[in-house]
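Participant: no sequence on this one, just coordinates:
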């Protein structure tokens, strides 16, 4: 495993910020690390990166225990923190050269130009960092995180402050990087998580509440179905659908029936057959599936 976290715990006085957290992240995998504000995401990321010591537990990166072999572990990590710390008075190239020197990269100029191109900084590459917009500052932060070609990328809100065009570019870069590297990233944008992630880890109050592939999680948590049935004319009673086994709620909005089930059975076929048998002309039949946002709310709202 590229990253293995076992029993990770962090306390601040009487408050437990991270509570015996365990999970793994694999090579070639994009892992979404989710949780509400104050859940312990950033604290966990800092412990994995070696910037904050755990009170208990271990974090192992590419075979190196972060506490026992901190320098070896950090060489394997590229980290973009939520609050992106940059030297505002430095030029972009100057800053990246400084970072490349820290990592002892031999052909600095070639690598700097590569990451400038990868992160879309070509138009701004001759500017002072302090003059950049928030979106371009994020790009500089991402460039410094990948300049040493790390095996593991840990990105805390990497798309914060980006406009729509920038979002598309950076998401594609993360997707490309995730083909070869282990990527752990947090985001408040659930659609982004659903589009990018292979697996999600969700924590709440510092504790693990979910860890599984994103498709399996949404399927498991969204066992019920909601069908929107649009017909030419709503000419039959709601009882036609409410009498179907598994259907527990039916409402009608104009010529649209909203038919819900909280059970695990698939009600699409009996709903279709009941509509046809009743002489309804079906214009559209749409199934609402559970998404990451709904799953996230279910797992975190009650704690």
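Facilitator: Alright, I've got the coordinates. Source: prediction; values computed, not measured. Numbers count the residues shown, from 1 in each chain.
Participant: Next secondary structure after the helix or strand of the chain with the lowest mean pLDDT?
Facilitator: For the chain, counting by mean pLDDT, DSSP states H and E, helix 214-221 ranks last in confidence among helices and strands (a mean of 74). With elements assigned by DSSP states H and E, the helix or strand that comes after helix 214-221 is strand 225-231.
Participant: In the helix or strand just after that following strand, which residues are buried?
Facilitator: Per DSSP H and E, the first helix or strand lying C-terminal to strand 225-231 is helix 239-242. Going by neighbour count (16 or more other C-beta atoms under 10 Å), the buried part of helix 239-242 is 240-241. Glycine gets a C-beta too; all of them are placed from N, C-alpha and C.
Participant: Figure out how far helix 239-242 is from the centre of its chain.
Facilitator: 40 Å (C-alpha atoms, centre = their mean, to the nearest Å).
Participant: same check, this time on stretch 16-27
Facilitator: Chain-centre distance of stretch 16-27: 15 Å, with C-alpha atoms, centre = their mean.
Participant: And the average pLDDT for that stretch is what?
Facilitator: Here stretch 16-27 scores 95 as its mean pLDDT.
Participant: Tell me the buried residues in that stretch?
Facilitator: Using 16+ other C-beta under 10 Å as the test for burial, stretch 16-27 gives 16-19, 21, 23-25.
Participant: ok, residue 44 - contacts?
Facilitator: 5, 8, 10, 18, 21, 33, 203 (C-beta atoms under 8 Å, 6 or more residues apart in numbering).
Participant: Can you pull out the low-pLDDT segments for the stretch 51-200 of the chain?
Facilitator: Applying pLDDT under 70 to the stretch 51-200 of the chain picks out no residues at all.
Participant: Enumerate every residue touching residue 229.
Facilitator: Counted by C-beta under 8 Å, 6+ apart, residue 229 has contacts 241, 256-259, 271, 275, 282, 284-285.
Participant: What is the nearest of those to residue 40?
Facilitator: residue 258 (37.9 Å; C-beta to C-beta).
Participant: which element is that closest one on?
Facilitator: strand 256-261.
Participant: Note down every partner strand of that strand and its orientation.
Facilitator: Using DSSP bridges, the strands paired with strand 256-261 in its sheet are strand 225-231 (antiparallel), strand 249-253 (antiparallel).
Participant: re earlier: farthest-separated two in the contacts of residue 44?
Facilitator: 10 and 33 (15.2 Å).
Participant: Give me the more crowded residue out of these two.
Facilitator: The neighbour count for residue 10 versus residue 33, taken as other C-beta atoms under 10 Å, is higher for residue 33 (26 against 22).
Participant: List the contacts of the more buried one.
Facilitator: By C-beta under 8 Å, 6+ apart, the contact list for residue 33 reads 41, 44-45, 184-186, 200-201, 203.
Participant: cool, and residue 296?
Facilitator: Contacts of residue 296 (C-beta under 8 Å, 6+ apart): 34, 190, 202.
Participant: what's the spacing between it and residue 25?
Facilitator: According to C-beta to C-beta, to the nearest Å, residue 296 and residue 25 sit 19 Å apart.
Participant: Next: residue 225.
Facilitator: 32 Å.
Participant: Also residue 193?
Facilitator: Taken as C-beta to C-beta, the span from residue 193 to residue 25 is 15 Å.
Participant: With distance to residue 111 and secondary structure added, can I get the contacts of residue 44 in TSV?
Facilitator: Formatted as TSV, these follow (distance: C-beta to C-beta, whole Å; DSSP: H, G, I helix; E, B strand; the rest coil):
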residue	distance to residue 111	secondary structure
5	30	strand
8	33	strand
10	35	strand
18	35	strand
21	34	strand
33	28	strand
203	35	strand
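Participant: Closest to residue 61 out of the contacts of residue 296?
Facilitator: Using C-beta to C-beta, these come closest to residue 61 at residue 34, 20.6 Å.
Participant: thinking that closest one is in contact with residue 185, fair?
Facilitator: No. Distance between residue 34 and residue 185: 9.8 Å, which falls outside the contact criterion (C-beta atoms under 8 Å).
Participant: circling back to that earlier point, just the buried residues from the contacts of residue 229, in ChimeraX please.
Facilitator: Here is the ChimeraX selection string for the buried members of the contacts of residue 229, based on 16+ other C-beta under 10 Å:
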select :241,257,258,259,271,275,285
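Participant: For the contacts of residue 229, name the two members farthest from one another.
Facilitator: Greatest spacing in those, by C-beta to C-beta: 241 and 284 (15.6 Å).
Participant: For residue 16, name its beta-bridge partners.
Facilitator: residue 11.
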